[in-house]
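Colleague: Would you be able to build a 3D model of this:
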Amino acid sequence: MTASANTPLLTINGLDIRFEQTGGVAHALRGIDLSLVTGRTHALVGESGSGKTVTSMAVMGLLETPPARIHSGEIRFGGSDLLSISDAEHRKIRGRQIGMIFQEPGKYLNPAFTIGEQITETLRVHFGMARRSATAKALEFLALVGLGKSQRVLKNYPHELSGGMKQRAMIAMAICCHPALLIADEPTTALDVTLQLQILRLIKELKNRFDMGILFISHDLGVVYQISDHVSVIYAGKIVESADRDRIFSQPLHPYTRLLLLSIPDAAKRGQRLRAIPGGVPDAEHIPSGCSFHPRCPLAESRCSKEIPPTKAYGDGHLAACFFIGKKWIDSSK
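Modeller: Next comes the predicted model:
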């Protein structure tokens, strides 16, 4: 499945997802909108618990229902709403047209099968390849992600590989069917800085080589700056700001985005205390009324606890949802 440069590859409209639990309902996503085109990387960034992974699992069709319930919205990919197709149809798309790199490959690589068996199984299921042809293709992709051309890794079990090698093997599995869309969910979080850079460089190279669209999920704006073309900032299940990467980093509008940027380590500020955002992301069962960020926001006024700020456009595709866009605050941390 392909899309032109101007046609969205993936479009999420008004996606509202809730988890029904004993004693209450967790409102994980509250009407998010997101659009991604071929050849570009769209980063979804926010703290843990903001709804990033729920978004990716919804696209992949991997949410358990129940407890998850799609309350409203759509996820359009290849002319179809992924929320309305059958499980069998979704299985044909998953792995073939949409690939995914998970945060902790050790949890998602099957310990009972070799790396080669897991990649060849993907190729045989989606393309009907003979075992020998699938093995040759698996070797080709392992070499492509930097794991060499020998059959050593092919015959290794996941526990025999280092963290960086596991991640590369998972990337090979995710791209071996040439998917149009690649979802990368915190793919560098468990790696040291050197390996992070190598994996980010590899993902960018593969995006260009296969002309994929990438949904890149992260809590780290420093990583996001290195890889993204467009950024959506999510908080408590709602996107509060969205713009091209350079505008997000040079002209952040929402207080949450501004505070996230202030928390990025900077060599120029070596020795100084990092700015931390007070408090934490609210539990999805107890989201504050009004603007969900108001208990932590340095700009909050009484209306913020009562009214939900509408999302407005501020030029060049820059969207934000706040009553006090551009207002300055006194930084008491200095």
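
Colleague: When you work out contacts or count neighbours from here on, use the C-alpha atoms and nothing else.
Modeller: OK.

Colleague: Sketch out the strands for the stretch 151-300 of the chain, chain order is fine.
Modeller: 181-185, 213-218, 230-235, 238-244 (DSSP state E, counting those that start in this stretch).

Colleague: Parallel or antiparallel, which strands does the second one pair with?
Modeller: The pairing partners recorded for strand 213-218 under DSSP bridges are strand 41-45 (parallel), strand 181-185 (parallel).

Colleague: which residues does the nearest residue to residue 306 once chain neighbours are set aside contact?
Modeller: Closest residue in space to residue 306, ignoring its immediate chain neighbours: residue 290 at 4.3 Å, by Cα to Cα, 6 or more residues apart in numbering. Residue 290 makes contacts with 303-309, as judged by Cα atoms under 8 Å, 6 or more residues apart in numbering.

Colleague: In contact with residue 249: list those residues for me.
Modeller: 225, 261.

Colleague: confidence score at it?
Modeller: Residue 249 carries a pLDDT score of 94 in this model.

Colleague: swap in residue 127?
Modeller: Residue 127 carries a pLDDT value of 91.

Colleague: burial of it, as a residue count?
Modeller: Residue neighbour count, defined by other Cα atoms under 10 Å, stands at 12 for residue 127.

Colleague: all helices of the chain, in order?
Modeller: Taking DSSP state H to define them, one finds helices in the chain at 52-60, 87-93, 105-108, 115-127, 131-144, 152-155, 163-175, 193-210, 221-227, 245-250, 255-262.

Colleague: got TSV for those helices, with distance to residue 239 too?
Modeller: Converted to TSV, the helices of the chain look like this (distance: least, Cα to Cα, whole Å):
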stretch	distance to residue 239
helix 52-60	10
helix 87-93	26
helix 105-108	27
helix 115-127	34
helix 131-144	35
helix 152-155	41
helix 163-175	27
helix 193-210	24
helix 221-227	15
helix 245-250	13
helix 255-262	11
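
Colleague: Could you identify which of those helices is most buried?
Modeller: Mean neighbour count (mean count of other Cα atoms under 10 Å) peaks for helix 163-175 among the helices of the chain, with a mean of 24.

Colleague: on contacts alone, who are the packing partners of it?
Modeller: With contacts defined as 3 or more Cα pairs under 8 Å, 6 or more residues apart in numbering; DSSP states H and E, helix 163-175 has these neighbours: strand 98-101, helix 105-108, helix 115-127, helix 131-144.

Colleague: now that helix: mean pLDDT?
Modeller: Mean predicted confidence for helix 163-175 is 91.

Colleague: Quick check, residue 113 in contact with residue 155.
Modeller: No. The pair residue 113 and residue 155 fails to qualify as a contact (Cα atoms under 8 Å) at a distance of 9.1 Å.

Colleague: anything in contact with each of those two?
Modeller: By Cα under 8 Å, 6+ apart, no residue touches both residue 113 and residue 155.

Colleague: about what we covered before: rank the helices of the chain by pLDDT, which is bottom?
Modeller: helix 105-108 (a mean of 82).

Colleague: Which strands and helices lie in contact with it?
Modeller: helix 163-175.

Colleague: contacting residues around the helix it packs on?
Modeller: Contacting residues not belonging to helix 163-175 are listed as 95, 99-102, 104-106, 109, 115, 118-119, 122, 138, 141-142, 144-147, 158, 182, 187, 190-191, 195, 199 [Cα under 8 Å, 6+ apart].

Colleague: Stretch 294-306 now?
Modeller: 255-256, 277-280, 288-292, 323-324, 327, 329.

Colleague: Find the residue at the geometric middle of this protein.
Modeller: When Cα atoms, centre = their mean is applied to the chain, the residue found nearest the centroid is residue 217 (2.2 Å).

Colleague: That one contacts residue 41, doesn't it?
Modeller: No. Counting by Cα under 8 Å, residue 41 is not a contact partner of residue 217; they are 10.1 Å apart.

Colleague: that older thread, any idea which of the strands paired with strand 213-218 gets closest to residue 234?
Modeller: Nearest of the strands paired with strand 213-218 to residue 234, taken as Cα to Cα: strand 41-45 at 6.1 Å.

Colleague: could you give the angle of that closest one to helix 193-210?
Modeller: In terms of direction (axes from the mean of the first three to the mean of the last three Cα atoms, to 10 degrees), strand 41-45 departs from helix 193-210 by 140 degrees.

Colleague: circling back: got the strands of the stretch 151-300 of the chain as a markdown table, with distance to residue 162 columns?
Modeller: Below are those laid out as a markdown table (distance: least, Cα to Cα, whole Å):
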| stretch | distance to residue 162 |
| --- | --- |
| strand 181-185 | 19 |
| strand 213-218 | 22 |
| strand 230-235 | 31 |
| strand 238-244 | 35 |
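
Colleague: Columns distance to residue 169 and mean pLDDT on top of the ones you listed, output as TSV?
Modeller: Below are these laid out as TSV (distance: least, Cα to Cα, whole Å; pLDDT from 0 to 100):
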stretch	distance to residue 169	mean pLDDT
strand 181-185	14	95
strand 213-218	18	96
strand 230-235	27	97
strand 238-244	31	97
